[in-house]
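Participant: Show me how the following folds:
(2 chains)
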Amino acid sequence: MSGALIYACAGAVLFVFGVTGLILLPHLLRKILAFNIMGSGVFLVLVGLGQRDGTPDPVPQAMVLTGIVVAVAATALALALVRRLLSLTGKIQFPEEPEGSGRCWKNK
Amino acid sequence: MRNLLNVLVIVLSAALGLVLIGVILESPSPARVRLSEEVLMQIGASGVTHPVTAVLLNFRGYDTLLEVMVLLLALLGVLAQMGKQKRENPPAGFYLTEPRMQVLLWLARVLVPLMVLVAGYLLWAGGHQPGGAFQAGAVLAAAGVLLNLSGLLPSWMEPAWNLRAGLVSGLLVFLLIAAAVMTTASPGLLLQYPPASAGMLILLVETGLTLSLGLILAGLFLFLSGDAIDEEADK
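Facilitator: Modelled structure (predicted):
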C-alpha cells in the first residue's frame, strides 16, 4: 500500500463522514459543513488515486483545483440561501414535514 | 424509531466507506491510458512549463471557462438572495479609534499590499511552478475579506457599473481570446492556442481571471456581510 493510497482511503473516510453528517444533522449550517467535508473527501480520492504510481497526474490536480473554487462558491450560495431562510422563518432548519402529508411513505 | 433510523444510516455509511476503501485498494493501475504521460509529451506546445497550468488553461481550457461561468452564477444567486433595502454604512468606523484596534489596523494596512504583491507573484509563477490565477485570485479575495473584517472597507451593496465590469472582466477576456483564436489561428476549434503565442495568451487570460476571481470570491463574502438579518426580520 503506497502513500498515495493512504490519501485516497482517508478521502473515502472523509466522504462517508460527510454523507452521514449530511443525512443525520438537522442544523443547516452543519449540513453545509458536512457537504464541504464530503467534497474534500472526493478531492483527496482524486488526487490520491492520481499519484498512486509515484508521479503526480496533472489532470486530476487541475480538476481538483477547479473543484475547490467551485465548492467555495457553492458554499457561499448555500450560506446566502440559509440566511434568507433564517430571515423568512427565523429558523436554521428545514421546516418539519407535517404529519400525514402525501409525501410520507407510511401513508401509501 | 428515530434512533433506529440513525443507526441504520450510520451502518449503511460505514458499509459504503468499507466498499469505497476496498475499491480503492483493489483498483488496478491504468495500463493503457496514461494521461500524465500524454500531458508531459504535449507540454512543449502548451506555452507553459508547469503541467497543471497547461491542463487548466490549455488542454482543458473550456473547463476553466465554464468554471468562471459557474462562479458568476453563484455570485448572481447570492446577489438575488440579498435584501434589497439600502442601509447606512455598517458601523465600522466608530470602534477603530480605540487603542486596542490599532494593532489590527496596522497589520491590515501592512498585510494587504503584501498580499497584492503575493497575488502578482503567484500569477506569474503559475507558468513554471505551482501557482496561477486561482491561487492569486484567492489571495486577492482574502485581502478584501481582511480589509472588510478590520473595518477599512465597507461591505458592498448594490454593485455599481465599475464593480460589475470587474466581476465579468475575466470571463470577457477569456471569451474574447477564445473567439479571436477560433476565428484566426485554428478555425472551428475551441481554445486551440497556436504554440508560438500560447504563453502570452495564457498569461493574458490568467491576468483577467485573477482580477475577476478575486472580486467574485471577495464579493461572495462582502455582499453577504453587509446584509443584516436582524433589521430585515424586524420589518
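Participant: avg pLDDT for stretch B:123-143?
Facilitator: Stretch B:123-143 shows a mean pLDDT of 89.
Participant: oh, I was asking about stretch B:77-85
Facilitator: 76.
Participant: go on, stretch B:13-32?
Facilitator: 84.
Participant: likewise stretch A:52-70?
Facilitator: Mean predicted confidence for stretch A:52-70 is 85.
Participant: Kindly report the same for stretch A:16-29.
Facilitator: pLDDT averaged over stretch A:16-29 gives 93.
Participant: Would you check how far apart residue B:220 and residue A:88 are?
Facilitator: Plainly put, residue B:220 is 21 Å away from residue A:88 if you go by CB to CB, to the nearest Å. (Each C-beta comes from the backbone N, C-alpha and C, glycine too.)
Participant: Counting neighbours, go ahead and name the busier of these two.
Facilitator: For residue B:220 versus residue A:88, neighbours defined as other CB atoms under 10 Å in any protein chain shown are more numerous around residue B:220 (25 against 10).
Participant: where exactly do the strands run in chain A?
Facilitator: Counting by DSSP state E, chain A has no strands at all.
Participant: and the spatially most central residue of it, what does it touch?
Facilitator: For chain A, the residue nearest the mean C-alpha position is residue A:35 (2.2 Å; CA atoms, centre = their mean). Residues in contact with residue A:35 (CB atoms under 8 Å, 6 or more residues apart in numbering or on different chains) are A:18, A:22, A:75, A:78.
Participant: counting contacts, what elements does the host helix or strand of residue B:63 pack onto?
Facilitator: Per DSSP states H and E, residue B:63 falls inside helix B:61-81. The contact analysis (3 or more CB pairs under 8 Å, 6 or more residues apart in numbering or on different chains; DSSP states H and E) places helix B:61-81 against helix A:58-89, helix B:161-183, helix B:198-225.
Participant: Any residue of the second one touching chain A?
Facilitator: What that stands for is helix B:161-183. No. Helix B:161-183 does not reach chain A (CB under 8 Å from any CB of the partner chain); its nearest approach is 12.1 Å.
Participant: Convert that helix to PDB, retaining C-alpha atoms only.
Facilitator: C-alpha atoms of helix B:161-183 as PDB (Å, rounded to 0.1, in the frame of the first residue of the first chain):
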ATOM      1  CA  TRP B 161     -21.000  49.600 -13.100                       C
ATOM      2  CA  ASN B 162     -17.300  49.500 -12.400                       C
ATOM      3  CA  LEU B 163     -17.600  46.600 -10.000                       C
ATOM      4  CA  ARG B 164     -19.900  44.800 -12.400                       C
ATOM      5  CA  ALA B 165     -17.300  45.300 -15.200                       C
ATOM      6  CA  GLY B 166     -14.600  43.900 -12.900                       C
ATOM      7  CA  LEU B 167     -16.700  40.900 -12.000                       C
ATOM      8  CA  VAL B 168     -17.200  39.900 -15.600                       C
ATOM      9  CA  SER B 169     -13.800  41.100 -17.000                       C
ATOM     10  CA  GLY B 170     -12.100  37.700 -16.600                       C
ATOM     11  CA  LEU B 171     -14.900  35.900 -18.400                       C
ATOM     12  CA  LEU B 172     -15.000  38.600 -21.100                       C
ATOM     13  CA  VAL B 173     -11.200  38.500 -21.700                       C
ATOM     14  CA  PHE B 174     -11.400  34.700 -21.800                       C
ATOM     15  CA  LEU B 175     -14.300  34.700 -24.300                       C
ATOM     16  CA  LEU B 176     -12.600  37.400 -26.500                       C
ATOM     17  CA  ILE B 177      -9.400  35.400 -26.700                       C
ATOM     18  CA  ALA B 178     -11.300  32.200 -27.400                       C
ATOM     19  CA  ALA B 179     -13.200  33.900 -30.200                       C
ATOM     20  CA  ALA B 180     -10.100  35.500 -31.600                       C
ATOM     21  CA  VAL B 181      -8.200  32.200 -31.600                       C
ATOM     22  CA  MET B 182     -11.200  30.400 -33.100                       C
ATOM     23  CA  THR B 183     -11.500  32.800 -36.000                       C
END
